[in-house]
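Student: from the sequence below, what's the structure:
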Amino acid sequence: MSGTQANSEAPATRTPNPWEAAYLRFETPEEEIRKFTGRLNRLGAHQWPRDVEIVELFCGRGNGLVALERLGFTRLEGVDLSPRLLAQYKGPAKCMVADCRKLPFLDRTKDVLVVQGGLHHLPNLPADLEQTFSEMQRVLRKTGLVIFVEPWRTPFLTFVHFVCEIPWVRRLSRKMDALATMTEHEIRTYTQWLGQPELIRKVARAHFLPVHESFSRGKWNFVGTAR
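Tutor: Numbering: from 1, shown residues only. Predicted coordinates:
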């Protein structure tokens, strides 16, 4: 998971809300960076020119940006609605507090747009998804790519959620307890997302031509170009 794009934000000095606190203990930064690095390479990042302009949307604490830096990319930007999470990123990428439903970029100016676990936080489907995808389509160059990695109701995900609701598992596993806590605090948007797979795919394909699409270990992996 990454980012809190759909959540309203108080000043960055406030106490972290329960979702953010669980997110921060779900994985260490280094664990998340390694996960993102492997994922991005599997989705084709090793083949991209190193001077492409990349924006990670719903970038959260910026570990996806760190993964991209380690892969050799230098023209990086990040967008998230949470100033608290953005403040944890200390790298060279330019990060800004903004809503992905109204991106602060000019038309046709970016080469790659990456989302790793943010779309399922959108509060209103399909309207917010349509708006977000329209904005992404607007700022993407004609030769550009979009990358989405989001939760998906596969047998693996169903099993994981079953296990993480067992009290003794939550007591023994920091990761399972954090996942259960995050799910509890985003239950409306999370359930809404998991319950509309065909609608989500239809909206995605209306805006982007798929180059790669797969469903593995509870994730939807989508790589596409703007239509």
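
Student: and stretch 89-98, what's buried?
Tutor: Burial within stretch 89-98, assessed by neighbour count using 16 or more other Cβ atoms under 10 Å, is assigned to 89, 93, 95, 98. All C-beta atoms are positioned from the backbone trio N, CA, C, and that covers glycine.

Student: ok, Tyr190 - contacts?
Tutor: 120, 151, 183 (Cβ atoms under 8 Å, 6 or more residues apart in numbering).

Student: return the subset of the buried residues of stretch 89-98 lying in strands.
Tutor: Secondary-structure check on these using DSSP state E: residues within strands are Cys95.

Student: CA atoms of the longest strand along the chain as CSV?
Tutor: The longest strand of the chain (DSSP E) is strand 140-151. Once side chains and other backbone atoms are set aside, the C-alpha atoms of strand 140-151 remain, and they are given as CSV (Å, rounded to 0.1, in the frame of the first residue of the first chain):
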residue,chain,number,x,y,z
LEU,A,140,1.0,11.6,-20.2
ARG,A,141,3.0,12.0,-23.4
LYS,A,142,1.7,10.1,-26.4
THR,A,143,4.6,7.6,-26.1
GLY,A,144,4.2,7.4,-22.3
LEU,A,145,3.3,4.6,-19.9
VAL,A,146,1.1,4.2,-16.9
ILE,A,147,1.8,1.6,-14.2
PHE,A,148,-0.9,0.5,-11.7
VAL,A,149,-0.4,-2.0,-8.9
GLU,A,150,-3.5,-2.3,-6.7
PRO,A,151,-5.2,-4.9,-4.4
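
Student: that concludes my questions; thank you for your assistance.
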